[in-house]
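Trainee: have a look; sequence and predicted model below, questions after that.
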Amino acid sequence: MTGAEGIEVPKLADTGRGSRLPMGIRVRLSGLMLGEFFVWGAWFVTLGTFLTQQMGASGAEIALAFLTQSLGAVIAPFIVGLIADQFFPAQRILGVLHLAGGVLLWVASLITDFGPFFVVILIYMILFMPTLALANTVAFRQLHSPETQFPAIRVFGTIGWIIAGLLIGFLAWESTKSLDLTFKMASIMAILLGIYCFTLPHTPPEGRGEKRTIRDILGLDALALLKNRTFAVFFVSSIAICIPLAFYYNFTNLYLNEIGIEGAAGLQTIGQMSEVAFLLVMPFLMKRLGVKITLAIGMAAWALRYVLFGFGDEGALFWMIVVGLLLHGVCYDFFFVAGQVYTDRFAGPGLRASAQGLITLATYGVGLLIGSLISGPIVDAFATGEASHNWLQIWLIPAAIAAVVLVGFWFLFRDSKEGADSA
């Protein structure tokens, strides 16, 4: 099995207890996932609106703040690969990173100038992004059958994200311009989570004494897979489709607040709810439809979502916005989850970890970075006032990008069960 950042996490050897996961372990790991994604969702969703309300930030500055996620994703493998795999137990590193992150989030809530805020949030994301892989590592090392046991634990992460959004909407922090409280809420939870991590099952380093190169950490051995045209098309498409994804992450909350949607952060949680629902049916559909059609459905949903956002409003066409948010489950599950399954199957046993790491670096690193760099100036170009934009024109641009990626993918990708050996 591999973690979120492409780190290989072997199954725990059978100790004679059987394959049933003890309830105590299940509850503790579920609590870890809930806290992990609550901390992230508590401030990340409303970041663009916060920067606009508190600092009068431009679209380019908002995109730059979101770009810290990509930089954190690029640096994360080094922290995990060079430290967690070599020297210290994963649960202790996880605890230290969350404790330090909690302090930084509180500091971020007090800053009123973009420059210092960017520096603080960049340092925070460099510390936070490795915790996604570390949380998976702690979980996988306790499981006898990760394929069947992990989904029921990981779903609590999505629940944590949903709870954070519903709380922000219920407390009306967006409409009262009190979004600095989201950082304080995330800060308190991060500190509590950091303390909690020290109580998690012991997860010692597995790579102690093994020499790991930069090539190993970044998964560059998997570059050999790009000799196969079909996988190369998938790889490039993965980067390209993350460019319009940056528009969604960076500006959806700002868009909803600008057009007058009350409790926007709470409303956005229906995207995560649909993610859970579609995750249950995606494996069945992928088996019936095949990889190509499944991935294409995910890309098409991206384009459709932005069209719905562009023509929707807070009145009679509000249903279009709701449908657009519900499509998040299709966008994420039918492309990212299906893509991870395809990558695992295509790479084969020897390159699975490297391939997953390479795809993570390509999507959350390169793709979202490019998307953040271009989305901000585009949003600024369609500003119609101090706090308003021509959102129809803005949303049609990522819709067009997604449509072009879909067409190129459809004509160039060959749905084949052949793996790397066919390259």
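Mentor: Structure received. Residues are numbered from 1 along each chain as shown.

Trainee: what's the neighbour count on the residue nearest to G290 when sequence neighbours are not counted?
Mentor: Closest residue to G290 apart from its sequence neighbours, by Cβ to Cβ, 6 or more residues apart in numbering: D415 at 4.8 Å. Heads up, the C-betas are built off the backbone N, CA and C, glycines and all. For D415, the neighbour count with other Cβ atoms under 10 Å is 14.

Trainee: these two touch, right, D415 and A296?
Mentor: No: with contact defined as Cβ atoms under 8 Å, D415 does not reach A296; the gap is 9.7 Å.

Trainee: ok so the residue nearest to G290 is a strand residue?
Mentor: No: under DSSP: H, G, I helix; E, B strand; the rest coil, D415 falls outside any strand and is assigned coil.

Trainee: show the model's pLDDT score for it.
Mentor: At D415, the model reports a pLDDT of 72.

Trainee: and it, how far from L225?
Mentor: 16 Å (Cβ to Cβ, to the nearest Å).

Trainee: how about G157?
Mentor: Distance, G157 to L225, by Cβ to Cβ: 29 Å.

Trainee: same check on C197?
Mentor: Separation of C197 from L225 (Cβ to Cβ) stands at 35 Å.

Trainee: that's a strand at A172, yeah?
Mentor: No: assessed with three-state DSSP, A172 is coil; it does not lie in a strand.

Trainee: got a list of contacts for stretch 166-180?
Mentor: 42, 45-46, 49-50, 53-54, 109-110, 181-182, 185, 253, 257, 262-267, 269 (Cβ atoms under 8 Å, 6 or more residues apart in numbering).

Trainee: what is the end-to-end distance of it?
Mentor: In stretch 166-180, first residue to last residue: 16 Å (Cα to Cα, to the nearest Å).

Trainee: quick check: buried residues in that stretch?
Mentor: Neighbour counts over stretch 166-180 (16 or more other Cβ atoms under 10 Å) mark 166-169, 171, 173-174, 178-180 as buried.

Trainee: which residues of the stretch 1-150 of the chain score low on pLDDT?
Mentor: For the stretch 1-150 of the chain, the stretches with pLDDT under 70 are 1-19, 77, 79-86, 146-147.

Trainee: what ranges do the strands span in it?
Mentor: Per DSSP state E, counting those that start in this stretch, the stretch 1-150 of the chain carries no strands over any range.

Trainee: could I get the full set of helices for it?
Mentor: 23-44, 47-55, 59-79, 90-110, 114-140, 146-170 (DSSP state H, counting those that start in this stretch).

Trainee: mind checking those for the one nearest to A400?
Mentor: Evaluated with Cβ to Cβ, those place helix 59-79 nearest to A400, the distance being 18.2 Å.

Trainee: give me the nearest residue to A190, chain neighbours excluded.
Mentor: Spatially, and ignoring its direct neighbours in sequence, A190 is nearest to G102 (3.5 Å; Cβ to Cβ, 6+ apart).

Trainee: which residues are in contact with that neighbour?
Mentor: With contact taken as Cβ under 8 Å, 6+ apart, G102 is in contact with 186-191, 193-194.

Trainee: with F251 instead?
Mentor: F251 neighbours (Cβ under 8 Å, 6+ apart): 48, 59, 62, 375, 379, 394.

Trainee: mind doing that once more with 10 Å?
Mentor: Residues in contact with F251 (Cβ atoms under 10 Å, 6 or more residues apart in numbering) are 48-49, 59, 62-63, 66, 258, 309, 375-376, 378-379, 389, 391, 394-395, 398.

Trainee: need the pLDDT of the most centrally placed residue in the chain.
Mentor: With distances taken as Cα atoms, centre = their mean, the residue of the chain nearest its centroid is Y364 (7.4 Å). Looking at Y364, its pLDDT is 83.

Trainee: that one contacts T68, correct?
Mentor: No: if you go by Cβ atoms under 10 Å, Y364 and T68 don't touch, sitting 11.7 Å apart.

Trainee: overlap in contacts of those two?
Mentor: Residues touching both Y364 and T68 (Cβ under 10 Å, 6+ apart) are M129.

Trainee: grab the nearest non-local neighbour of A63.
Mentor: In space, A63 comes closest to G376 once its chain neighbours are excluded; the distance is 2.9 Å by Cβ to Cβ, 6+ apart.

Trainee: what strand or helix carries the one you found?
Mentor: Element membership of G376, judged by DSSP states H and E, is helix 368-381.

Trainee: quickly run through the sheet partners of the helix or strand following that helix, with directions.
Mentor: Going down the chain from helix 368-381, the next helix or strand is strand 383-385, by DSSP H and E. Using DSSP bridges, the strands paired with strand 383-385 are strand 388-389 (antiparallel).

Trainee: could you find the closest non-adjacent residue to M189?
Mentor: In space, M189 comes closest to V39 once its chain neighbours are excluded; the distance is 5.1 Å by Cβ to Cβ, 6+ apart.

Trainee: test my guess that the one you found contacts L104.
Mentor: No: contact between V39 and L104 fails when scored by Cβ under 10 Å: they sit 11.6 Å apart.

Trainee: overlap in contacts of these two?
Mentor: If you check V39 and L104 against Cβ under 10 Å, 6+ apart, the residues they both contact are 128, 187, 190.

Trainee: for the last one, give me its contacts.
Mentor: Just to be clear, that refers to A190. So, once contact is read as Cβ under 10 Å, 6+ apart, A190 ends up touching 35-36, 38-40, 42-43, 97-106, 124, 127-128, 131, 183.

Trainee: from those, list the buried ones, please.
Mentor: By neighbour count, with 16+ other Cβ under 10 Å, those hold 35-36, 38-40, 42-43, 97-102, 104-106, 124, 127-128, 131, 183 as buried.
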